[in-house]
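Chemist: Sharing a sequence plus its predicted fold:
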Amino acid sequence: MGLQMSHSNMQKKVKPCYGPLNDDDVDDHDNNDNGTSGSLALINPPVVASYDSWVMQHPSALDTFDSITKEAKWKKVVVFLDYDGTLSPIVEDPDKAFMSAEMRMAVREVAKCFPTSIISGRSREKVKEFVQLSNVYYAGSHGMDILAPPRAVKSSDKKANEGAFQPAKLYLPAIQEISVELEDTIRDIQGAMLEDNKFCISVHYRQVQPKDHEVLKQRVKSLVENRPDFRLTEGKMVLEVRPSIEWNKGDALNYLLDTLGFSNSKDVLPLYIGDDRTDEDAFKVIAGRHEGFPIIVSSIPKDTIAWYSLRDTSEVLAFLLRLAKWKKSETSFFK
Ligand SMILES: O=P(O)(O)OC[C@H]1O[C@H](O[C@H]2O[C@H](CO)[C@@H](O)[C@H](O)[C@H]2O)[C@H](O)[C@@H](O)[C@@H]1O
């Protein structure tokens, strides 16, 4: 059995500790405001502590697997997964962030055992195209576009759940407008790229020279500041321009739990795996419930609300395979 740690311990705010190991992570420390929704705030990165001491506070979900399953044994686990950096490794070109066949198989197996949703910053259509699984539910645009299963709602509520839930639908014309303005703003910055995620626009700067990062950020920031109907969040070498509605991945998690029929269940344990700042909103919801499994994917120490950690996508794969295997062995034992 791995590290034993009570949730009250795990919920203690972790002191920010940084030790950049790769360019994602270096960038990830820029503007880290230790907040949720990856809000953009220009703050200096704090001082470094080691991965070993960080992992003591955010124990590996693989090392603590036995205590996780012990807690989950008589409860209903509901699985939520982020996409980029969690199911697929971070790559230079966002259009090439493919998921491996092994990962697809693992997610399929997990989804056979537990209700499983993918909550991504990508558009719902795009993430579905990457994942290609029919037994998972998809929430795109950071949860602003959710297709919950019609079969999961009570028959009397069916009408309410037909089609996708899109709380920012009214913003679509404005999103098209700001997209044109953004295109204009970044046109002369070599390597800068826009990605249309339907209810939000990503401004990528992974392929922009470091000397131009600040210019790009400032330009996008001032454009958004002049549009009160929009706000800016930040991910890994990406700025995300989104409608200024109060809706994030945490709300999407709650919405899915609700539409999946778990809102009144006392024995539900949501499990969320994600690597980025916008995933903190989902971790926060689980932390607020005081039970469940918020798991951050990171190979470096970072400030997070998550209780558990996994180093990278290969550990996510190992964890998902183990989770499905555990559930199957439990089920066959009781047959
Ligand atoms: O919520 P997620 O599914 O994690 O989406 C967040 C952003 O992910 C993608 O960008 C990130 O991954 C790209 C591919 O590895 C990488 O090139 C980029 O630098 C990362 O920020 C996606 O392209 C964005 O639109 C999402 O906002």
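Modeler: Okay, I see it. Numbers count the residues shown, from 1 in each chain.

Chemist: can we go C-alpha only for contacts and neighbour counts from here?
Modeler: Fine.

Chemist: Domains in this protein, by residue range?
Modeler: For the chain, the structural domains run 30-64+71-154+249-333, 169-243, going by automatic domain parsing.

Chemist: Would you mind telling me which of those domains is nearest G163?
Modeler: Nearest of these to G163, taken as CA to CA: domain 30-64+71-154+249-333 at 6.6 Å.

Chemist: Does T278 belong to a helix, a strand or coil?
Modeler: helix (DSSP: H, G, I helix; E, B strand; the rest coil).

Chemist: Surely it is in contact with K249?
Modeler: Yes. T278 lies in contact with K249 (CA atoms under 8 Å); the separation is 6.9 Å.

Chemist: Give the residues shared as contacts by the two.
Modeler: Listed as contacting both T278 and K249 by CA atoms under 8 Å, 6 or more residues apart in numbering are H142.

Chemist: The domains of the chain into TSV, with extra columns for distance to G163?
Modeler: Formatted as TSV, the domains of the chain follow (distance: least, CA to CA, whole Å):
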stretch	distance to G163
domain 30-64+71-154+249-333	7
domain 169-243	13
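
Chemist: what's downstream of the helix or strand encompassing M105, the next helix or strand?
Modeler: Element membership for M105, per DSSP states H and E: helix 101-113. Using DSSP H and E, the helix or strand that follows helix 101-113 in sequence is strand 116-119.

Chemist: follow-up on the earlier one: contacts for the helix holding M105, please.
Modeler: 87, 116, 131-133, 135-136, 317, 320-321, 323-324, 327-328.

Chemist: Specify which member of the residues you listed is nearest to the ligand.
Modeler: L87 (8.6 Å; CA to the nearest ligand atom).

Chemist: Could you verify my assumption that the closest one touches I118?
Modeler: No. Applying CA under 8 Å, one finds L87 not in contact with I118, separated by 9.6 Å.

Chemist: what is in contact with these two at once?
Modeler: The contact sets of L87 and I118 overlap at L81 (CA under 8 Å, 6+ apart).

Chemist: Give me the pLDDT for S265.
Modeler: We have a pLDDT of 83 for S265.

Chemist: To what extent is it buried, counted in neighbours?
Modeler: For S265, the neighbour count with other CA atoms under 10 Å is 12.

Chemist: same deal with the one 3 residues further on?
Modeler: Counted with other CA under 10 Å, residues neighbouring V268 total 19.

Chemist: what bridges to it?
Modeler: Legend: beta-bridge partners of V268 under DSSP bridges are K76.

Chemist: Show me which residues of this structure are close to the ligand?
Modeler: 82-85, 89-94, 97, 120-122, 195, 202, 206, 235-238 (CA under 6 Å from any ligand atom).

Chemist: Mind giving me the ChimeraX command for buried ones among those residues?
Modeler: Buried residues among the residues of the chain next to the ligand (16 or more other CA atoms under 10 Å), as a ChimeraX selection:
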select :82,83,84,85,89,90,97,120,121,122,195,202,206,235,236,237,238
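
Chemist: Strands along the chain, start to end?
Modeler: Using DSSP state E, the strands of the chain run over residues 76-81, 116-119, 137-140, 145-147, 193-196, 201-204, 230-235, 238-243, 268-274, 293-297, 308-310.

Chemist: Go through the helix holding M105 and flag the buried ones.
Modeler: M103, R104, A106, V107, R108, E109, V110, A111, C113.

Chemist: and if you look at stretch 217-237?
Modeler: Buried-residue list, stretch 217-237, by 16+ other CA under 10 Å: K217, V220, K221, V224, F230, R231, L232, T233, E234, G235, K236, M237.

Chemist: For that stretch, measure first residue to last.
Modeler: 10 Å (CA to CA, to the nearest Å).

Chemist: pLDDT averaged over it - what is it?
Modeler: pLDDT averaged over stretch 217-237 gives 97.

Chemist: Stretch 193-210 too?
Modeler: On average, stretch 193-210 scores 98.

Chemist: Residues contacting it, please?
Modeler: 92, 121-124, 140-141, 144-145, 168-169, 171-172, 175, 179, 182-183, 186, 189-192, 213, 237-243.

Chemist: S50 is in contact with P301, isn't it?
Modeler: Yes. With contacts counted by CA under 8 Å, S50 reaches P301, the gap being 6.9 Å.

Chemist: Which one's more surrounded, those two?
Modeler: Each of S50 and P301 has its neighbours counted (other CA under 10 Å); P301 has more, 25 against 12.

Chemist: How much space separates the more buried one from A318?
Modeler: Computed as CA to CA, the P301 to A318 distance reads 21 Å.

Chemist: Wait, I119 touches Y138, no?
Modeler: Yes. Judged on CA under 8 Å, I119 makes contact with Y138 at a distance of 6.3 Å.

Chemist: more neighbours, those two?
Modeler: Using other CA under 10 Å, the more surrounded residue of I119 and Y138 is I119, with 34 against 28.

Chemist: How many residues are close by the residue nearest to the more buried one when sequence neighbours are not counted?
Modeler: Sequence neighbours aside, A139 is the residue nearest to I119 in space, at 4.6 Å (criterion: CA to CA, 6 or more residues apart in numbering). Applying other CA under 10 Å, we find 30 residues neighbouring A139.
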